[in-house]
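J.: I'd like to go over a predicted model; first the sequence, then the structure.
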Amino acid sequence: MNYKEVRDMIVATGKKLKLDDSTIERIAEPERIIELNLPVKMDNGKTRIFQAVRVQHNNAKGPYKGGLRYHEEVNTEEVKVLAALMSLKTALINIPFGGGKGGISVKPKDLSKTELKRLTESLARGLADVIGERKDVPAPDVNTTPQIMKWFRKEYEKVVGKSEPGVITGKAFNDGGIKVRDEATGLGGAAVIQELARVLNKKPKETTVAIQGFGNVGNHLAHHLYHMGFKVIAIADIDSGIMHEDGLDYHETYKKMKSGNKLSECCVCDIHGPSKDCLNVGPKEVLEAECDILVPAAIGDQITKNNAGKIKSKIIVELANHPVTDEAEKILEKKGVMIVPDILANAGGVLASYFEWQENVEGVKMSYEEGQAALIKRMKNALKDVLKTAKIEKTSLREASYIISISRIAKALKI
Ligand code: NAD
């Protein structure tokens, strides 16, 4: 998705909502773009300059909120897209945040740990004037970790001269983070699937799910779906995958994978008595699996015009960002496939960030179990809102999500 496409979507939705032109324009363009040249002292004593950007898209509903990514391909155009989608996501799940995104153009693997720390500190100094717990609250994203969040917070606090844990989320538990954060996106996806199954009168034990991607999101999703009683019949990561029509035993499969096996070597059929063996399945094949619900949870652009016709699932839940291209979506729509869009399905992560911020800034404490329950409830409520709007407006779930988000942002705009 490029920014023109995001802009066109916001304008079209705004017109549908009969918003006036200036309101549409205020949502269609970012409020502020901060571009920085960050000087960093390298281990060899020389100073290198890194390009960084923070896009503050919209703060009508609350502080800008969104990740910081460290990746060689970070550029302002892409960060603008991601920041706008964050505004829509936070509005959709109805939390008092706006949207932002940022990043540094860097290959983090080329840097030593001390260089990475100095780079992060340089970023914190560069952004210190425009961020803050009530202004703009960054978080982890691609290649940024709780350790990076800790370095960032410490340097920011040095600049402003006070303790401010709520300036950043995604911190480790003992640095002011919360326990539910690590699993939040997968748990949120599982909550959406559980609610969808209830609405569609599908019993979990008769509902088959295939998952592409077994990283943070795919793993926690598989874990929670397994405990909710769903039949996860296939999981594939980049190099291999495993499939069994009777459903995979999450814990045994995970245990085997953790002890150094590829997913394709994780068949545990022998543990459960006489049964057919598991089949191997690749990352592309898993998308074409015979299943009720397909979950792309790896990277973007996985379902394209080339394979959309081969998708057998009637429901796709987008846990990865933008896994279905626009061309593919048109083909799938014609086939009657329901797509639960990324801005809804993978919003569990930012929801947990909100809980962390609430604890840091407003002193609202939740136990781990309360955090899980609150996250599940809010994700299910967001899905209910989207299903209701899609029915009333006769639109796809993606369009319904945009309608809800944009109308909420428009209502919150002042002046
Ligand atoms: P991750 O890096 O932990 O895991 C991604 C996994 O996908 C890895 O195991 C990788 O090997 C695998 N992978 C890469 N290319 C693949 C391919 N072509 N086929 C199959 N597997 C492939 O990342 P994650 O945090 O699990 O994020 C997954 C997706 O969810 C990303 O699109 C991310 O933007 C999105 N997302 C994540 C969060 C979050 O909280 N982690 C929140 C919102 C959205």
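T.: Sure thing, it's come through.
J.: switch to C-alpha atoms for all contacts and neighbour counts from now on
T.: Will do.
J.: show me how this protein divides into domains.
T.: 1-30, 32-177, 180-415 (automatic domain parsing).
J.: mean pLDDT and mean neighbour count added to these, as CSV?
T.: Listed next are these as CSV, based on pLDDT from 0 to 100; neighbours: other CA atoms under 10 Å:
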stretch, mean pLDDT, mean neighbour count
domain 1-30, 97, 16
domain 32-177, 98, 20
domain 180-415, 95, 20
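J.: up against the ligand, what does the chain have?
T.: For the chain, the residues in contact with the ligand (CA under 6 Å from any ligand atom) are 185, 212-218, 236-238, 283, 297-300, 319-321, 346, 349.
J.: what about 8 Å?
T.: Counting by CA under 8 Å from any ligand atom, the chain comes close to the ligand at 141-142, 181-186, 212-219, 236-239, 282-284, 297-300, 302, 319-323, 342, 346-350.
J.: out of these, which are inside strands?
T.: Within those, residues falling in strands by DSSP state E are 212, 236.
J.: verify the contact between E78 and N2 for me.
T.: Yes. With contact defined as CA atoms under 8 Å, E78 reaches N2; the gap is 7.0 Å.
J.: confirm I233 sits in a strand?
T.: Yes. Counting by DSSP: H, G, I helix; E, B strand; the rest coil, I233 is located in a strand.
J.: quick one, what contacts it?
T.: The contact partners of I233, by CA atoms under 8 Å, 6 or more residues apart in numbering, come to 208-210, 243-248, 291.
J.: of these, which pair is most distant in space?
T.: Maximum pairwise distance among the contacts of I233 (CA to CA): 13.4 Å, between L248 and C291.
J.: and the closest residue to Q56 other than its chain neighbours, what helix or strand is that in?
T.: Counting by CA to CA, 6 or more residues apart in numbering, G100 is the residue found nearest to Q56 once chain neighbours are left out, at 4.5 Å. Here G100 sits within strand 99-105, counting by DSSP states H and E.
J.: strands paired with that strand, and their directions?
T.: Paired neighbours of strand 99-105 in the sheet (DSSP bridges): strand 47-58 (antiparallel), strand 64-71 (parallel).
J.: distance to L119 added to those, as TSV?
T.: TSV is the format used below for the strands paired with strand 99-105 (distance: least, CA to CA, whole Å):
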stretch	distance to L119
strand 47-58	8
strand 64-71	10
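J.: the stretch 201-350 of the chain: helices as residue ranges?
T.: Secondary structure of the stretch 201-350 of the chain by DSSP state H, counting those that start in this stretch: the helices cover 216-228, 250-258, 326-334, 342-345, 348-357.
J.: for those, give me a markdown table that also has distance to N94.
T.: Shown next, in a markdown table, are the helices of the stretch 201-350 of the chain (distance: least, CA to CA, whole Å):
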| stretch | distance to N94 |
| --- | --- |
| helix 216-228 | 22 |
| helix 250-258 | 32 |
| helix 326-334 | 26 |
| helix 342-345 | 11 |
| helix 348-357 | 9 |
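J.: now the stretch 51-200 of the chain against the ligand: closest residue?
T.: T185 (4.9 Å; CA to the nearest ligand atom).
J.: and that residue, what does it touch?
T.: Counting by CA under 8 Å, 6+ apart, T185 makes contact with 217, 220-221, 319, 346-349.
J.: now with 10 Å, please.
T.: Applying CA atoms under 10 Å, 6 or more residues apart in numbering to T185 gives the contacts 191, 216-218, 220-221, 319-320, 345-352, 375.
J.: swap in D292?
T.: For D292, the contact set (CA under 10 Å, 6+ apart) comprises 202, 206-210, 231, 312-316.
J.: over to T144?
T.: T144 sits next to 67-71, 103, 108, 120, 170 when contact means CA under 10 Å, 6+ apart.
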